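Peer 1: Pasting the sequence and the predicted coordinates here, then a few questions.
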Amino acid sequence: MSNLDRIADARAKAFADTPARSRLAMLFDPDTFVEVDGFVAVDGAPSGVVCGFGAVKGSPAYAFAQDASENGGAVGRAHAAKIRKIFDLALKTGAPVVGIYDSMGARISEGAGALNAYGDMLLAVNNLSGVVPQLSVVLGTCAGSSALMACCADFVIMSKKAEFFVTQPEKGRESAGSAADAALSGVAHIVRDDEESSIKAARDIISMMPLNNLAAPPVLNYAEDAQAPEALRAACADIEGASARDIVSGVCDTGSVIELFSDFGKNVYAGMGTLGGFACGVIATAGKTLCADCCNKIAKLVSVWDAFQIPVLTFVNTAGLESGADSGAVRDMAKLAHVYAEATTAKMAVITGKAYGSAYVALASKAAASDYTVAWPSAVISALAPKTAVAFSYADRITADKSREAVEADYIENEASPFTAAAGGHIDDVIDPAVTRPALIAAMDLLSAKRVHKNPKKHGNIPF
């Protein structure tokens, strides 16, 4: 047998078509994937993971795909070493990492060695956190320490058939490990119907992220909706009935927004999109109060976007924490405020409706480090809800000739008006909703050069 024949024979055995390689082919641009360590074997069998690099929408990226068709994708020392090599290469070259998870768990025959292998990978994941974007795509079983690894990524994408748990759910509670449960609990950012759409979502997210924490965010092609300005004016005229999703869609580039955490913290709409081609993160409170999940949703996303200098747009219409919130919710609101204040990426806020008390301070206040804050004429900016403010400070104005409702209306029109806030220098402008988009594009363009130098410290103490 010639050398060429030997190579062909060996490669045919080691690089056979498997689900893992098919998934990586969907992730990377055609003919760009280069596999590394493809000949690594364990006891004469494949290692259970395929690793390599290539291009995703023209940008370099690394990836690994666990292969449950090969010995259940069991994780042992060789399996972990291949993944660790991918993380090391990503750290050296500054490119994103996509992990495709589908494994039944550890290689039991390796005992403590398998546990050490998991620890090695978990350390690598967390050392890379905030350095390069990391995405987890869960397409099969992701259990035990693999679940911890996957959850440490910046974005977690799941197909509906996937399973995600640390310990096997009890009988009768199988839904506890489902993709639907992961979406409800805030583990999964995105859930898609099948593998192909899950991998497409990963490609879309990567296209809007910079290569690493030192690279500039991408600028993409875009289109705009000519009908959006009038739609935004209509939303301002009926702000209580307006949809946060529609407001975001009217401001961002047409069809660019990918919703994140759609089933978690439902009083907040969040996603990634583009504005004038600039990649950005978007938060929009939906006119209701904020629960603990809403606060955690916002804090998690803003933290990721800040790590990679992705600008944050915040549309504010909320009275703040839900009535009767317990101390746990207060802790999570403090977490939200901590993340926003500490973030040094460009931060722009549009107050579309209610902005009361701590919600205004945390999400839109220039004093708490918002770079550019504007308001629609429908905005109500107040230290307290108007009803409460009247009860505390203006009760004497309620007379037989002037009802409580009339006094509250006067308070909103005068004391809580966006024009009053602008006169005091607390916001930058009161704008026609139709010009929201060009106003934000101009601000984002200017803020793209933003640089902030903070006092040296190991890290802030976030209220977990």
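Peer 2: That came through fine. Residues are numbered from 1 along each chain as shown.
Peer 1: so Asn317, which of the three states?
Peer 2: strand (DSSP: H, G, I helix; E, B strand; the rest coil).
Peer 1: again with Glu196
Peer 2: Secondary structure, three-state DSSP: Glu196 is helix.
Peer 1: quick one: contacts for the nearest residue to it once chain neighbours are set aside?
Peer 2: Across the structure, with C-beta to C-beta, 6 or more residues apart in numbering as the measure, the residue nearest Glu196 apart from its sequence neighbours is Met26 (6.2 Å). Just so you know, the C-beta spots here come from the backbone N, C-alpha and C atoms, and that holds for glycine as well. Met26 makes contact with Glu195, Glu196, Ile199, Lys200 under the criterion C-beta atoms under 8 Å, 6 or more residues apart in numbering.
Peer 1: residue ranges of the helices in the stretch 151-300 of the chain, please?
Peer 2: 179-184, 195-207, 228-237, 244-251, 292-307 (DSSP state H, counting those that start in this stretch).
Peer 1: In terms of secondary structure, what does the third one contact?
Peer 2: Okay, so that is helix 228-237. On a contact count with 3 or more C-beta pairs under 8 Å, 6 or more residues apart in numbering; DSSP states H and E, helix 228-237 meets helix 244-251, helix 436-447.
Peer 1: Give the buried residues for that helix.
Peer 2: Applying a neighbour-count criterion of 16 or more other C-beta atoms under 10 Å, the buried positions in helix 228-237 are Ala228, Pro229, Ala231, Leu232, Arg233, Ala235, Cys236.
Peer 1: Export the helices and strands packed on helix 228-237 as JSON lines, with columns for mean neighbour count.
Peer 2: What follows is the helices and strands packed on helix 228-237, written out as JSON lines (neighbours: other C-beta atoms under 10 Å):
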{"stretch": "helix 244-251", "mean neighbour count": "22"}
{"stretch": "helix 436-447", "mean neighbour count": "18"}
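Peer 1: Tell me, please, where in the stretch 201-350 of the chain the pLDDT is lower than the cut-off.
Peer 2: Residues of the stretch 201-350 of the chain that meet the criterion pLDDT under 70 lie in 324-325.
Peer 1: go again using 80 as the cut-off
Peer 2: Under the criterion pLDDT under 80, the flagged ranges of the stretch 201-350 of the chain are 323-328.
Peer 1: Identify the residue nearest Gly281 in space, chain neighbours excluded?
Peer 2: Nearest in space to Gly281, with sequence neighbours left out and distances taken as C-beta to C-beta, 6+ apart, is Trp305 at 4.0 Å.
Peer 1: Would you check how far apart Ala286 and Tyr356 are?
Peer 2: Look at Ala286 and Tyr356: by C-beta to C-beta, to the nearest Å, they are 15 Å apart.
Peer 1: So for these two, which residue has more residues nearby?
Peer 2: Shown here are Ala286 and Tyr356; by other C-beta atoms under 10 Å, Tyr356 has more neighbours (23 against 19).
Peer 1: Got the confidence number for that one?
Peer 2: Model confidence at Tyr356, expressed as pLDDT, equals 95.
Peer 1: Surely it and Ala379 touch.
Peer 2: No: proximity of Tyr356 to Ala379 does not meet the contact threshold set by C-beta atoms under 8 Å, at 10.9 Å.
Peer 1: thinking again about what came up before, and the buried residues of helix 228-237 as a markdown table, adding distance to Ala346?
Peer 2: Supplementary listing: the buried residues of helix 228-237 in a markdown table, determined by distance: C-beta to C-beta, whole Å:
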| residue | distance to Ala346 |
| --- | --- |
| Ala228 | 22 |
| Pro229 | 23 |
| Ala231 | 25 |
| Leu232 | 21 |
| Arg233 | 26 |
| Ala235 | 24 |
| Cys236 | 24 |
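Peer 1: From the contact counts, what lies against the longest strand along the chain?
Peer 2: Using DSSP state E to assign secondary structure, the strand with the most residues in the chain is strand 347-356. Under the contact definition 3+ C-beta pairs under 8 Å, 6+ apart, strand 347-356 sits against strand 312-318, helix 357-363, strand 372-375, strand 380-382, helix 436-447.
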